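S.K.: just need the structure, nothing else, for what follows:
(chains A, B and C)
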Amino acid sequence: MRTSKRETSAKRRAARRNCLIGLLALLAACSAEQDEQPSGAIVLEVWAHAGQAAERQVLERQAARFSGAQPDIDVRLTFIPERAYNAQVQAAAVAGELPDALEFDGPFLFNYVWQGRLLPLDRLLAADTQQDLLPSIVRQGRYLGRLYGVGTFDSGLGIYARRSALLAADVRIPAGLEDAWESGEFDAVLTSLAAHDSDGMVLDLKLNYTGEWFTYAFSPLLQSAGGDLVDRSTYQSAEGTLNGPRSVTAMSALQDWLSGGYVDPNLDDAAFVSGRVALSWAGHWEYARYAAALGDDLLLLPLPDLGQGSRTGQGSWVWGITKGSERPQAAARWLEFLLQPAEVLAMATANGAVPATQTAVDRSALYGKDGPLRLFTRQLRGGLSVPRPQTPAYPVITSAFQQAFRDIRNGADIQATLDAAVAMIDQDIRDNQGYPPPN
Amino acid sequence: MTSRAAIALVYTGLLLMGLLFISPIAFMLAGSFKPDARVLMEAGEWRAFWPAEMSLQNYRDVFTRVDFARFLWNSLLINGAIVGLGLLVNALAGYAFARLAWRGRDLMLSLVLAVMIIPIEAIAVPLFYLVSLFGWRDTYLVQILPFIANAFSIYLFYTYFIGMPRELEEAARIDGAGVLRTFFSVILPNAKAVFASVAILTFLTQWGAFLWPLMVTSSESVRPLPLAIATFHSLPPLQWGDIFAFGMMMVLPVLLIFLVFQPWFVRGVAATGIKG
Amino acid sequence: MISMPALLGLLAFVVAPFLLAVVLGFSNLRLGSPLPLEWVGFEQYRRIFADPSFTRALFNNLLFALVVVPLQTALALVLALLLNRRLRGIALFRTLFFMPVVFPLSLVAVVWILIFAPGPNGTMNAFLELVSLGAWTPHDFLRDTRLALPAIMLTSLWQGAGFQMVIVLAGLQAIPAELYEAAMIDGAGRWQQFWHVTLPQLRNTMIFVVLVTTILAFRLFDQVQIMTQGGPHDATTTVMFEAVEAAFTRQQVARGAAMSVVLFVVVLLISWLQRRLARQEREVA
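M.R.: The predicted structure is shown next:
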């Protein structure tokens, strides 16, 4: 087995060379794969969430239109899957690889600002543009007195209903926001509907969704009962709020609907369109599909009122400009472009969302004065929508609430579950020294 | 000894087990040809395993909904690189442990054995932090490099080479061949079975890799197939037919590779240390 | 030295990150936090062991291993024994049993969500009703605290048994025929042959299979993430699921690192225990 020293070292070199060549070839193959440099213009790196196909296509076309109008800027879009989007942003931030402009889910804004990732937009965007934004968009985008994010659309959350089923069950149909079903009444509606239903499952809560949906869709229920996710006066604790009696009431109501067998598990996401249920707790994005399936039989109703009036969710994906960007002006132009009425409407048409500017809303067939979704517009304009907690602790708050929701759905003791969620949130706030504002 | 009754018993056992093993696959295959709404509706009947009307619509949908070719290419590239480079470096290491005398060999060997039980999952968190710091995220490289060197593969090669007769190598040495020449000209042609089985094992474990790519990649341009299926599953509207069609398309290449290499695989497994 | 690339790879991508996990476990590192890093001693460990979700995760992993390892090994042995003869169609069956291994877990998990669909329409519910002649009442497997973990176990069993089977089959085929011939001359029946020739000869193979299956049991993640997300009531949460949730979803990297270290120690302990038991057995035999 023994070889002379010279021989071995020669072989060693050869071995090293072989491996190196292999690796280099690989590296070359990889980098060649990724970079196609267009000429001349400055490149604006932009991240967006990979939503539905129609949304993506619109955004791609918008990027093309923008580059056509602004030949000196070339927008390079990267679509990132929604799942774990925040984690991806965090990882990229640690690596210093954030793009110039990026889209992110609204309530994460406060955490990003606290971490020093975002640039204030007040002075980058034209005053007219800012004035035209829906109040809900501004509320969602402001933190510590500055505007950090702007959405090109907002969201609407309500209960879609099958009119004929409600009539058959002989239940009162609310006319609008002011006379939403009250808590006892909603339970009675479920019971009456169930009596006319073959399997007794009459409500779709989109249990097939994952993640943020649960905070978005069900924290308004807490607020309608007078509870909340966290004490918003200081943002230092959830104690007594998320596990207070009012929040417990709201979650008990929810658990009763679930344990009463009224809720369809909706594994195929077709509970409402296939006629299995009469009510679907869902967002604006379902309108097109539902309208196509039900036609005139489709109704849009506010969420039930658990005492303090009907409340609803708001906020969706928003755009921000990163602090590390070397071309914030160009990024601001991209945002201005997206907020032009025509572009706002183009996106809203594609995803069915509420257009984010007053001008665009008024021009919208769906959300305008007589549009079928005007309820969503009224909720947002009338201040009935509650932004998710405006604190850097939000990622932990939502994670804790989602876990609590899962447990409560599966029949856990409500007080104990909410206590555990509070403990998790408060621990995080303490660990971060109360999230002191950045200097 | 083997009576007719015994054979019948064996066949009955095989058939019964076979049915249980195949039914989820049949369910998926049948579902991939059905209209989306029927998949769940018929899940509780015999029709779950048989599409009443065959339709390729789901397969067409897959191509329109996601860039399947892109994901497939990513998966093939990543796995090809891991398997190819992995075979080279791990076989060389296994050979060095089995045949060459060098300082620290025994220490290193026990280190390799210890490393074998560290699951990638246990180091995923710090490794994720490291690659984030280095800015390696979201590349092919970050999905390939950490998996090339593999303690388990080294161990398999090591046990196989230990069991090989030395005569061939000695003949080569006498002819003046160095370590590497000996390795490539003598060892390699005589160890195809172990190479095949390590290749298949590596490929199978990596083809389904989920956690790591989920953590370190964000753009679709570098994401592999298993993440696409998860995205598909969470991207409304939920269409089971499409998901099944996607799954079939994802498994097909692996199935083909396995069918082709199956004889090699069993032989290779039999010949390596796996059997004890 | 020709072993360098592999050893360097292991050092850089396994040993180094592992050491880093140990170090980070003593800090309060949070991804992206502008606050300065602090060293907190054993605080992360104190917290995770005070967290009922984490202790439940450890318990679930242990339970999973205790059930799946013997079952899967036994199933693999039975399948291999059935296949270890020269009959027509054997190759077909071998391919059939191995086929699930080719299916990535992420895909398997998604398919089995439908199989476990609640209500009488779910495949598993319908199947159980059929074989129990109607005595079975439909359950929502993945949301039932008692059934969720068994459901995940079954999924894993189905996917993994074929792999172990091939290994056992290889072990069976390596047993010299002379041993059986000698046993037959001694007048041993089929059972005696199995107990006195097959099993002792398979010893090393079985040890290997058990070891690998145990390690896999502690890595359990994909199925949980896709099928149940740890629920209901932490009934299916695992150490890896908790670690990823902490480090990745909540950016608590230090906490996740501490959990990884615990996972490693557990796996180390168990494989050491198994080796010891195996050695003792050898000495007795």
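
S.K.: break down the stretch 251-400 of chain A into its helices, ranges please.
M.R.: Along the stretch 251-400 of chain A, counting by DSSP state H, counting those that start in this stretch, helices occupy A:287-294, A:328-338, A:341-351, A:358-363, A:374-381, A:394-409.

S.K.: residue in the stretch 151-285 of chain C nearest to chain B?
M.R.: Among the residues of the stretch 151-285 of chain C, C:N204 lies closest to chain B, at 2.3 Å counting by Cβ to the nearest Cβ. Just so you know, the C-beta spots here come from the backbone N, C-alpha and C atoms, and that holds for glycine as well.

S.K.: which SSE is that residue in?
M.R.: When elements are assigned from DSSP states H and E, C:N204 belongs to helix C:203-219.

S.K.: by contact count, what packs against the next helix or strand along the chain from that helix?
M.R.: The helix or strand immediately downstream of helix C:203-219 is helix C:222-223, counting by DSSP H and E. Packing contacts for helix C:222-223, counted by 3 or more Cβ pairs under 8 Å, 6 or more residues apart in numbering or on different chains; DSSP states H and E, involve helix C:105-115, helix C:148-173.

S.K.: contacts for helix C:222-223?
M.R.: Contact partners of helix C:222-223, identified using Cβ atoms under 8 Å, 6 or more residues apart in numbering or on different chains, comprise B:G208, B:F210, B:L211, C:L105, C:S106, C:V108, C:A109, C:W112, C:I152, C:T155, C:S156.

S.K.: wait, A:I408 touches A:W257, no?
M.R.: No: using Cβ atoms under 8 Å, A:I408 is not in contact with A:W257; the gap is 11.1 Å.

S.K.: assign A:F104 to helix, strand or coil.
M.R.: strand (DSSP: H, G, I helix; E, B strand; the rest coil).

S.K.: ok, what's across the strand from it?
M.R.: Counting by DSSP bridges, A:F104 is bridged to A:V318.

S.K.: neighbours of it, how many?
M.R.: Counted with other Cβ atoms under 10 Å in any protein chain shown, residues neighbouring A:F104 total 23.

S.K.: contacts only, for it.
M.R.: A:Y85, A:N86, A:V89, A:Y112, A:G149, A:W317, A:V318, A:G320.

S.K.: now with 10 Å, please.
M.R.: A:47-49, A:80, A:85-86, A:89, A:111-112, A:117-118, A:149, A:317-320 (Cβ atoms under 10 Å, 6 or more residues apart in numbering or on different chains).

S.K.: which of those lies closest to chain B?
M.R.: Among the contacts of A:F104, and counting by Cβ to the nearest Cβ, the member closest to chain B is A:I80, at 4.6 Å.

S.K.: if I look at that closest one, how far off is A:W213?
M.R.: Distance, A:I80 to A:W213, by Cβ to Cβ, to the nearest Å: 18 Å.

S.K.: just A:A356 next, same as before
M.R.: A:A356 sits 21 Å away from A:W213, going by Cβ to Cβ.

S.K.: and these two? Which one has more around it.
M.R.: Neighbours were counted for A:A356 and for A:W213 using other Cβ under 10 Å; A:A356 has more, 28 against 19.

S.K.: look up phi and psi at the more buried one.
M.R.: Backbone torsions of A:A356, given as degrees, to the nearest 10, read phi -90, psi -10.

S.K.: where does pLDDT dip in the stretch 151-300 of chain A?
M.R.: Nowhere does the stretch 151-300 of chain A drop to pLDDT under 70.

S.K.: over to the stretch 151-276 of chain B?
M.R.: B:230-231, B:233-238, B:266, B:269-276.

S.K.: would you map the strands across it?
M.R.: Along the stretch 151-276 of chain B, no segments are classed as strands by DSSP state E, counting those that start in this stretch.

S.K.: correct me if wrong: C:L87 contacts B:G13.
M.R.: No: the criterion here is Cβ atoms under 10 Å, and C:L87 misses it with B:G13 at 11.6 Å.

S.K.: need the overlap of contacts for those two.
M.R.: In contact with both C:L87 and B:G13: C:F93, using Cβ under 10 Å, 6+ apart.

S.K.: and for the residue of the stretch 301-439 of chain A at minimum distance from chain C, the neighbour number?
M.R.: Per Cβ to the nearest Cβ, A:N410 is where the stretch 301-439 of chain A lies closest to chain C, at 3.3 Å. A:N410 has 21 neighbours, counted by other Cβ under 10 Å.

S.K.: okay, A:L205 and C:L29: tell me how far apart.
M.R.: Distance, A:L205 to C:L29, by Cβ to Cβ: 37 Å.

S.K.: I figured the residue of the stretch 301-439 of chain A closest to chain C was touching C:Q229, is that so?
M.R.: No: with contact defined as Cβ under 10 Å, A:N410 does not count as touching C:Q229 (11.3 Å).

S.K.: what does the stretch 251-400 of chain A have sitting close to chain B?
M.R.: Counting by Cβ under 10 Å from any Cβ of the partner chain, the residues of the stretch 251-400 of chain A close to chain B are A:N266, A:L267, A:D268, A:D269, A:A270, A:V273, A:S274, A:W285, A:E286, A:R289.

S.K.: give me that answer again for 8 Å
M.R.: The interface of the stretch 251-400 of chain A toward chain B, taken as Cβ under 8 Å from any Cβ of the partner chain, is made up of A:L267, A:D268, A:D269, A:A270, A:S274, A:W285, A:R289.

S.K.: could you list every residue that touches the first one?
M.R.: When the contact criterion is Cβ under 8 Å, 6+ apart, the partners of A:L267 are A:N208, B:L40, B:L238, C:I113, C:L114, C:A117, C:P118.

S.K.: how about the helices in the stretch 1-150 of chain B?
M.R.: B:4-32, B:36-41, B:57-65, B:68-99, B:105-116, B:120-134, B:141-148.

S.K.: ok, and the closest non-adjacent residue to the residue most central in space within chain C?
M.R.: For chain C, the residue nearest the mean C-alpha position is C:A217 (2.4 Å; Cα atoms, centre = their mean). Among residues not flanking C:A217 along the chain, C:A65 sits closest, at 3.8 Å (Cβ to Cβ, 6 or more residues apart in numbering or on different chains).

S.K.: let me see the contact set for the one you found.
M.R.: C:T213, C:T214, C:A217, C:F218, C:I270.

S.K.: which ones are touching the third one?
M.R.: Same thing as C:A217. Counting by Cβ under 8 Å, 6+ apart, C:A217 has contacts C:N61, C:F64, C:A65, C:V68, C:V69.

S.K.: try it again at 10 Å.
M.R.: With Cβ under 10 Å, 6+ apart, C:A217 has these contacts: C:61-69, C:72, C:153, C:156, C:160, C:238, C:267, C:270.

S.K.: list buried residues within those residues.
M.R.: Burial by neighbour count, judged by 16 or more other Cβ atoms under 10 Å in any protein chain shown, picks out C:61, C:64-65, C:67-69, C:72, C:153, C:156, C:160, C:238, C:267, C:270 from those.
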